[in-house]
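*Asks:* heads up, no residue letters with this:
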C-alpha cells in the first residue's frame, strides 16, 4: 500500500498570511503531495513567546485561511502537547500515530542554514524529508539532505502585518480577508 505523502508547514502563524498559503500550495504541486498540514506551535523554542497571541486565536485564523482548500489540513499535535515545540518530539508522535504517512517538513531557505542547531537533528532527518523553500538571499548548501522547491517571491511577514496593524496601515491582500475580519473582530495586534 502506498504511503500518503503529507507536507508539514510549521510555524507560529502570528498571523497566517498569503505567503504561507503560497508556500503550501507550491509544495503540494511541486512535490505531488496528497495534502499539506499546517502545524502551529504552542510555544516555539526560538521565538520570543510574548509576541505571539494565544494559540486558540492563531488556530482559528488558520482554520479560516485554509477552509476552502481541500488539500490543506491542520495538525494540532504541538498545540495539544503545549510547552515548547520541538520538531523531533512532534515527528516521533506523528510517526507513531500515522505509520502509513511519509512526511515532508517544509522550511524556509533561511532555516536550512540553522538545521545543525535543531534539537536532535541527526534523528529528525531519519523521520522526515526536509523541503527547503528558495529565498534569494539563501544558499542551497547544507550538510543535511534537503529537497528544494521554487516559490514565487512574496515579501510579506507576520511581523510586517503586526506592525502595520498596530500603526493603522493597510494589510488587505497580505492575508486572507476572513483572517483580517477575525483580527478586527477580536481586536488583535493593536487593532480597534
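*Replies:* Structure's in. What do you need? The model shown is predicted, which means the values in this text are computed figures rather than measured ones.

*Asks:* and residue 111, how close does it get to residue 131?
*Replies:* According to Cβ to Cβ, to the nearest Å, residue 111 and residue 131 sit 11 Å apart. Any C-beta I mention is one placed from the backbone N, CA and C, and that applies to glycine too.

*Asks:* between those two, who's got more neighbours?
*Replies:* Between residue 111 and residue 131, counted using other Cβ atoms under 10 Å, the more crowded position is residue 131 (23 against 18).

*Asks:* residue 102 versus the more buried one, what's the distance?
*Replies:* The gap separating residue 131 from residue 102 is 12 Å, by Cβ to Cβ.

*Asks:* which residues of this protein fall in helices?
*Replies:* Counting by DSSP state H, the chain has these helices, from start to end: 18-30, 55-66, 77-81, 87-97, 109-112, 121-124, 158-166, 177-185.

*Asks:* weakest of these by average pLDDT?
*Replies:* Looking over the helices of the chain, mean pLDDT reaches its minimum on helix 109-112, with a mean of 86.

*Asks:* buried stuff in that helix?
*Replies:* Buried residues in helix 109-112, defined by neighbour count with 16 or more other Cβ atoms under 10 Å: 109, 111, 112.

*Asks:* could I get these as JSON lines with distance to residue 183?
*Replies:* JSON lines is the format used below for the buried residues of helix 109-112 (distance: Cβ to Cβ, whole Å):
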{"residue": "109", "distance to residue 183": "28"}
{"residue": "111", "distance to residue 183": "26"}
{"residue": "112", "distance to residue 183": "31"}
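
*Asks:* what's the closest of the residues you listed to residue 82?
*Replies:* Residue 82 lies nearest to residue 111 out of these, by Cβ to Cβ, at 23.0 Å.

*Asks:* leaving out chain neighbours, which residue sits closest to that closest one?
*Replies:* residue 132 (7.9 Å; Cβ to Cβ, 6 or more residues apart in numbering).

*Asks:* tell me the spacing between the one you found and residue 73.
*Replies:* Residue 132 is 22 Å from residue 73, by Cβ to Cβ.

*Asks:* cool, and residue 17?
*Replies:* Distance from residue 17 to residue 73, by Cβ to Cβ: 18 Å.
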